[in-house]
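Visitor: give me the fold of what follows.
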Amino acid sequence: MDKGRKRDRPGGVGAKGGDDKPASKRQQRKAAMAAKTPYFTPKPSSSIVGIDSPLDRIMPQKRIELIAELSESILEDPSTALTSSRTDVVPPTSKANTKGQDNDANEKQYHKSQSKMNKLFELASLSTNGHDAHAARLALLSLLAIFQDILPSDRIRLPTEAEMNVRVSKEVKQTWDYERKLLQAYQRYLQLLEKTWEDGKFGHRGLSEQTGPPTTLAATSIIALSQLLQTSYLFNFRSNLIQIVVRQANNHSSDDVRLACCNALSVLFTKDVQGEATLEAVRRIAKMVKERHNQQGGRGIHPDVMNTWLSLPLRIHEDEAMAAKIAAQVKKKRAKKSQQDKDTQDIENEMKEGEATVDKLELAKNQADTLHAVTLTYFRILKVQDDADEQIDGKVSQLLPCALRGLAKFSHLIHLDAVVDLLEVLKKLLENGDQLSTDACVHCILCALKTLRGPGRDTIPVDMKQYLIPLYGLLPRIGIPTSEPSLPSTNGNGAQSSDEGKVIEEIIQCLDHAFLQRRELSSLRLAGFLKRLTSSTLHCVPTSSVPLLACTRQIASRYASSSSSKIGLMLENEEDVVAEGVFSPDAEDPEHSNSHATSLWELSLLRYHIHPKVAEQSSNMAEGKLLKLPGEAPTKLCAQMKRDAQEGHIEQKPLWKKHPLDNTASSRKKSRRRQNQVRFITPRRTANWHLTNN
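Guide: Next up, the predicted model:
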């Protein structure tokens, strides 16, 4: 036998005779590509076990397996899963049939089975699946994954009657039929989700009062609707999704439902490029806020609903938006001149829906309308608070920080006349700052400072002093627990600490706008703020005192080189300082406190704080060291301390124990030198000299 000749393996592909082994997947794929046939052949409906069996007679585990098999089969071939199938049924043979006496009995019989999608819908409904809530929940989530995978990214327009009468190809008819069935299935799924929520939004039906939390199945349906809004906001039935999600974003009975809906709206605002869905959602929220204000005084609006507007990517100024509106109106008038232009415009609109490009005029118009609805709602909340002579309890006072936070973000896009009115309203609110909460006062000041730093700041005749004095009086309120009503939170005990962390971040932003982004010319005001900041850190928790000390160091280091600044003298001992007058810690105006007559003696106490970060920041400030940016930036330290507080982590420095035999002269000299470098600020000696007979 020739050695160079290859032998056919027994049982292989090239083997002749005998039993051949089944071909591998790779060989099957190659054969399919050669024959130009699909490699995968979907399973027919009749091959799925239990698809024609009544669901109430199937075991629970079999229902779950049926859901998994149906979902896999639908994703493999969605076109055949939406239609019912039929299979041949072989009739039972008899003696007459075998002899050929009865030919009518040999006619073909067919068994029609329902579509896989309909079977999955029956499994998702409690009324048809034997009241199995677990199987219904799994079926709803499976349908969610299926529709997220098979839905197109644009809208489907069904053909009209005139278009149906036109002769088209077979492929076009199949496409129309598939799109029609897909829309029907998607609409049925949305109706099923809404019905499931309505049946279980107040718990089980046995509850007499409609105040209970929703069932797990009902919460799953709302979460599925919110997920569809995030991924399929360009598809059909968008208005139905927005209406349900916006209504349940104000849900007070379930935090999971409310947070899921609010998160879906925030994602929608971020992902929507054209701005049409965003405008529709914003208008629905604004309408809901207006109705609740007129009926219940705004007590039914949750702040999480208003906080979703902070995710709006508004970039168009109001003046630019007006120009875009005028250009869009002119273009629309030109398109209405003749029927031919109108038909051409309709074709262009259909083409734009399928393209991924963005119409700049349409985007500017949508953003202008969105900005108008948002600012109008914010000003309505401010007006309700301004017209009240006494403090408003409940949700209205908690909507005020949301409105101020939003105005601080979008104030640079508002018209200059509206900015002047806004500053006047903020000034009136700060005059009664003792009646407002700490969060609301901070947002008032931050909104005013950001507005003054925006466009047109040189033309607005406003003195910064009327906003810095309320900020000076607000600093001692940091870290003091209040008896203000708070909303229920899912964080439990961590809700108060998280709110305090947000207040600290906003106070740092106020100090940054007041002293770092602008030059403060009054040394008395600067000294008063430094003294008030260091004294406020004594009663704050470490998560608040560390970023405040870092912000104080940053302000002191900027103005330390100024000739009129006396920050260096405030770090000295009070006995060595020559000043006129007495320090007044209870003065409302920082310029009247005479802070140059005292020292920052709080740093000597904070150096021995139990938290090492507080001790490190106070020691570095007493020694005049600069911040190591960006690692020691106040905002970064605030986020780091908040994360450490949530994890229960306290950083400790390793203490190296000195060897007992290390008593050399050099080590003793070094220790004396280190002791001499430490400077303690001692209070002034106040002996009772006036009681003596001298």
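Visitor: all strands of the stretch 101-250 of the chain, in order?
Guide: 109-113 (DSSP state E, counting those that start in this stretch).
Visitor: ok, which stretches of it are helices?
Guide: Per DSSP state H, counting those that start in this stretch, the stretch 101-250 of the chain carries helices over the ranges 116-124, 133-150, 161-165, 170-200, 216-231, 238-248.
Visitor: what helix or strand is the residue nearest to I223 when sequence neighbours are not counted on?
Guide: Distances taken as CB to CB, 6 or more residues apart in numbering place A260 nearest to I223, at 4.9 Å, with adjacent residues excluded. For glycine as for every other residue, the C-beta is placed from the backbone atoms N, C-alpha and C. Here A260 is covered by helix 255-271, with elements defined by DSSP states H and E.
Visitor: just D586 next, same as before
Guide: With DSSP H and E as the test, D586 turns up in no helix or strand.
Visitor: neighbours around T215, how many?
Guide: T215 has 20 neighbouring residues, counting by other CB atoms under 10 Å.
Visitor: who are the neighbours in contact with the nearest residue to it once chain neighbours are set aside?
Guide: Excluding the flanking residues, the one nearest T215 by CB to CB, 6+ apart is G200, at 3.7 Å. G200 makes contacts with 214-215, 217-218, as judged by CB atoms under 8 Å, 6 or more residues apart in numbering.
Visitor: related to what we said a few turns ago, what's near enough to touch the residue nearest to I223?
Guide: Contacts of A260 (CB under 8 Å, 6+ apart): 222-223, 226.
Visitor: just put those in CSV and tack on pLDDT, distance to L265 and neighbour count.
Guide: Compiled in CSV, those are given as follows (pLDDT from 0 to 100; distance: CB to CB, whole Å; neighbours: other CB atoms under 10 Å):
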residue, pLDDT, distance to L265, neighbour count
I222, 94, 13, 27
I223, 94, 14, 21
S226, 94, 8, 24
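Visitor: can you redo those residues as JSON lines with distance to K290?
Guide: Putting the contacts of A260 into JSON lines (distance: CB to CB, whole Å) gives the following:
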{"residue": "I222", "distance to K290": "24"}
{"residue": "I223", "distance to K290": "28"}
{"residue": "S226", "distance to K290": "24"}
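Visitor: who touches stretch 136-153?
Guide: Stretch 136-153 is contacted from outside by 64, 67-68, 70-71, 74-75, 78, 120-121, 123-126, 129, 182, 186, 189, 192-193, 196, 216-217, 220-221, 224, 227-228, 231-232, 234-235, using CB under 8 Å, 6+ apart.
Visitor: just the buried ones from those residues, in ChimeraX syntax?
Guide: Typed into ChimeraX, the line below selects the buried ones among the contacts of stretch 136-153, using 16 or more other CB atoms under 10 Å:
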select :64,67,70,71,74,78,120,121,123,124,125,126,129,182,186,189,192,193,196,217,220,221,224,227,228,231,232,234,235
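Visitor: number of residues surrounding S523?
Guide: S523 has 18 neighbours, counted by other CB under 10 Å.
Visitor: what of L314?
Guide: Quick note: L314 (other CB under 10 Å) scores 20 neighbours.
Visitor: could I get the contacting residues of the residue nearest to F410 when sequence neighbours are not counted?
Guide: In space, not counting the residues next to it along the chain, F410 is nearest to L314; the distance is 5.9 Å by CB to CB, 6+ apart. Shown in contact with L314 (CB under 8 Å, 6+ apart): 367, 370-371, 374, 410, 413.
Visitor: make it 7 Å
Guide: 367, 370-371, 410, 413 (CB atoms under 7 Å, 6 or more residues apart in numbering).
Visitor: wait, is it part of a helix?
Guide: No - assigned with DSSP: H, G, I helix; E, B strand; the rest coil, L314 falls outside any helix and is coil.
Visitor: adding distance to K287, write the helices of the stretch 101-250 of the chain out as CSV.
Guide: Converted to CSV, the helices of the stretch 101-250 of the chain look like this (distance: least, CB to CB, whole Å):
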stretch, distance to K287
helix 116-124, 32
helix 133-150, 28
helix 161-165, 36
helix 170-200, 20
helix 216-231, 18
helix 238-248, 9
